[in-house]
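>>> 3D, please:
(3 chains)
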Amino acid sequence: MYTPDNIFTTTIDKAVRWSRTQSMWPVTFGLACCAIEMMAAGSAKYDLARYGMEVFRASPRQADLMIVAGRVSQKMAPVLRQVYDQMADPKWVIAMGACSSTGGMFNNYALVQGVDHIVPVDIYVPGCPPGPQSLMHGILTLHDKIMDGEINR
Amino acid sequence: MKNNKIKKSKLSNFKNKLDFWATNSEEGGWNISSTDEGSQKMLENENEKQIKIQTGTEVVDDFVIDEDTSDDERMIVNMGPQHPSTHGVLRLQVELEGEVVRRVKPIIGYLHTGMEKTGEELNYFQGPTNTTRMDYLSPLFNELVFSLTTEKLIGIEVPKRAETIRILMTELNRVSSHLVALATGGMDIGALSMMIFGFRERELILNFFEKTTGLRMNHNYIRPGGVAADLPDGWQKDVEEILKIIPEKLQDYDDMLLDNPIWKGRLQNVGILTTEECFAYGVTGPSLRASGYSWDLRKSQPYSGIENYEFDVPTLTEGDVFARWRVKVLEIFESLKIIEQAMNNMPKGPYKVQDKKITPPPRKRLDESMEALIHHFKIYTEGFKVPEGDAYVAVESPRGELGCYIVSDGSAKPYRMHVRGPSFCNLQALPVIMTDSPIADAVAAIASLDPVLGDVDR
Amino acid sequence: MNTEIISTTTEEYKELIESLKNDGFEMMIDLTAVDWFRKKEPRFEIVVQFLSTSKNSRKTVKVFVNDEDLTIPSITDIYPSANFYEREAYDMFGIVFEDHPDLTRILMPDDWEGHPLRKNYGSGRIPVQFKNAPKVD
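Next comes the predicted model:
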């Protein structure tokens, strides 16, 4: 079969997965210290725009990815879940930092001991706070996960 | 076997108690066990006096309509807690009359971490680990105030080198904190270049912090009895670079913003806070200095030997958002002066207090001396004991007076540890700034107060 | 610098604060409580820090709250900055401030039970399972 040079063939699965990874818009869910590092990752030196992700959307309706950056308190938990519910499918969650992954050093009455009690988490990024490089590594790992995974999630 | 059963029942109990357990499940149902949605409301009826407290004195920016409007034309709008320009998780209930804000109620607590409770469980040696995570933009100040309070309770003096390192690091931290305030403040108002610029320059300082302390934020570097480690080799070079680059870049900011008509029009005569209002609401720091009152704890109640440095306290008289922005820029210059003096006059000597009970011995000594091993073990497992009493110490953090109140009962852990966060108090002035001004100025007002919600909720 | 510490009673508390205000202490800097559970007899102690910028001095006022009703007059009408601090003390210790305009919980959710910073309130630590954790596949 003849195919011109400017056309290449692929499977629909692969095309969908690829397009999902290349423009993944995060929702601004900065809570604590990690939010500052998330902003640093989006700014000049680390430049998240390389991965098509610099558009932090304020509205959860327009976002695919929630980066839970910081400690989640008992008071914030319902809000977090509501924002997650408002996001359009397909959606992913990154738990950034020790506090949102496990509760971190604050094992007490006020904090939810890990955001996975409330929402399903895809990637855990360790560190207190994780540097922008760690966050980027987490994001790239998520990209790999999407490329390898099912498209109907 | 029996043991196993108990464990299992405990685990299931634990699950029931939490009532939401979504790991390993496909978005399982989540029963809301505790919610705050709508339970915090504005007061239905406020008397004259309370409204007077809320609106403060009448100033130029107040937007008063003479005709009485009916209650139907008033609308309550909820802003936050997930909002890009509330600097974290601040929630505001705003009562609007058309475009004009009539009443504001800040609702906080969405980042309450229980740090004061955790602080009672950690000993004095571990304390800075906890306090450093409060105000995450100026972590070194939190460590400094905790260490100073502990040292006051014990009654020790740290060596000169440790004091100078503390001043050097905290003033660098003030610069980085103000840079973030300028960056996010600019972004909120629409000057997006400021966001890129501020974070770019901040990286310079954070790189130096990473070199010295091992972390970019939350350092746990300043500890009771000195600092955790000496400055790295060639630190002068890094500091010199910072001292050279930052003034140039600040000049860029000024070129961009100082005579920019949009920037001026957006900020001048907006969100005025007078000195009397600052006193009434306990507002300190740049906001107080922007209202025309020269008050800086570094000058009036010096700590850590800062009285030996020459610097000015920039003071402006307007008290509006523009003045608060300008004071921060000018303060960076003053901090750079202090950093230069600290760098040139860095004394030699130990960087920790030479007291076996407080400072753990260096690693090398452990192989040679039994006594050193015992001290090392005691300090790292038990901590050092602090005599009974209580103390309140305050330092000038980038946001105002940061105080720490510790009650000791003679054990190795604080009986009560309370931190007076400047943002917590400054936030009370937000209704005064925002009432009777257009809703579009609300974002500028929040940004100018520069609240850090980790400091507010603790 | 040395801070003068004044101890007072709940009855004289408000008068003292008023006299401090007239005395040139413009700012109420900090208000907090200490729980002396089973250590001292009136259980709760309120500690208030004042700052005078004109005289450059500080004063600390300490007052024990009666155990029966846990009530103390509010000072929000003298120092508006006490508003958040009194709400925090109410939230964390359960001390009632009379005539406070809006005495509700400030940091915890409204339907929270208990007052977290009391000494007989557990820290809420959840034991962390390091070994033999249930496998997730």
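>>> in chain B, what residue comes closest to chain C?
For chain B, the residue closest to chain C is B:Gly282, as judged by CB to the nearest CB, at 3.4 Å. Placement of C-beta: from N, CA and C, glycine included.
>>> pLDDT score assigned to that residue?
For B:Gly282, the model assigns a pLDDT of 88.
>>> separation between it and C:Phe50?
To C:Phe50, B:Gly282 is 10 Å away according to CB to CB, to the nearest Å.
>>> and if you look at B:Arg161?
35 Å.
>>> contacts only, for the residue nearest to B:Ile154 when sequence neighbours are not counted.
Leaving aside its sequence neighbours, B:Ile154 sits nearest to B:Val386 (CB to CB, 6 or more residues apart in numbering or on different chains; 5.6 Å). B:Val386 is in contact with B:Tyr124, B:Thr150, B:Leu153, B:Ile154, B:Ser408, B:Gly410, B:Ser411, B:Ala412, B:Pro414, counting by CB atoms under 8 Å, 6 or more residues apart in numbering or on different chains.
>>> pretty sure the second one is touching B:Tyr405, no?
No. With contact defined as CB atoms under 8 Å, B:Thr150 and B:Tyr405 do not form a contacting pair (11.9 Å).
>>> up against chain A, what does chain C have?
For chain C, the contact set with chain A under CB under 8 Å from any CB of the partner chain comprises C:Leu107, C:Met108, C:Pro109, C:Trp112, C:Pro116, C:Tyr121, C:Gly122, C:Ser123, C:Gly124, C:Arg125, C:Ile126, C:Val128.
>>> now, which of those lie close to chain B?
Of the residues in the residues of chain C next to chain A, proximity to chain B by CB under 8 Å from any CB holds for C:Leu107, C:Met108, C:Pro109, C:Trp112, C:Pro116, C:Ser123, C:Gly124, C:Ile126.
>>> more neighbours, B:Gly282 and C:Phe50?
It is B:Gly282, of B:Gly282 and C:Phe50, that has more neighbours when counted by other CB atoms under 10 Å in any protein chain shown, with 30 against 25.
>>> can you give me the neighbour number for the residue nearest to the more buried one when sequence neighbours are not counted?
With sequence-adjacent residues excluded and distances taken as CB to CB, 6+ apart, B:Gly282 is closest to C:Ser81, at 3.4 Å. By the measure other CB under 10 Å, the count of residues near C:Ser81 is 24.
>>> now do B:Gly198
B:Gly198 has 25 neighbours, counted by other CB under 10 Å.
>>> state the distance from B:Pro451 to chain A.
B:Pro451 sits 13 Å away from chain A, taking CB to the nearest CB, to the nearest Å as the criterion.
>>> Three-state assignment for the closest residue to that residue other than its chain neighbours, please.
Leaving out its chain neighbours, the residue that sits closest to B:Pro451 by CB to CB, 6+ apart is B:Ser423, at 4.2 Å. Three-state call for B:Ser423 (DSSP: H, G, I helix; E, B strand; the rest coil): helix.
>>> could you do B:Glu95 as well?
Under the three-state scheme (three-state DSSP), B:Glu95 adopts strand.
>>> my read: it touches B:Met75, true?
Yes. The criterion here is CB under 8 Å, and B:Glu95 meets it with B:Met75 at 7.3 Å.
>>> pick out whichever of these two has more residues nearby.
Comparing B:Glu95 with B:Met75 by other CB under 10 Å, the one with more neighbours is B:Glu95, at 16 against 11.
>>> rewinding a little: any chance of a markdown table for the residues of chain C next to chain A, columns secondary structure and pLDDT?
What follows is those, written out as a markdown table (DSSP: H, G, I helix; E, B strand; the rest coil; pLDDT from 0 to 100):
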| residue | secondary structure | pLDDT |
| --- | --- | --- |
| C:Leu107 | coil | 87 |
| C:Met108 | coil | 85 |
| C:Pro109 | coil | 83 |
| C:Trp112 | coil | 81 |
| C:Pro116 | coil | 86 |
| C:Tyr121 | coil | 83 |
| C:Gly122 | coil | 80 |
| C:Ser123 | coil | 79 |
| C:Gly124 | coil | 76 |
| C:Arg125 | coil | 77 |
| C:Ile126 | coil | 76 |
| C:Val128 | coil | 73 |
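>>> out of those, who's the most crowded?
C:Leu107 (26 neighbours).
>>> so it touches C:Tyr90, yeah?
No. C:Leu107 is not in contact with C:Tyr90 according to CB under 8 Å; the separation is 10.3 Å.
>>> quick one: name the residues of chain A near chain C.
A:Gln74, A:Lys75, A:Gly103, A:Asn107, A:Asn108, A:Tyr109, A:Ala110, A:Gln113.
>>> in ChimeraX, how would I select the buried members of the residues you listed?
A single ChimeraX command selects the buried members of the residues of chain A next to chain C (16 or more other CB atoms under 10 Å in any protein chain shown):
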select /A:74,75,103,107,108,109,110,113
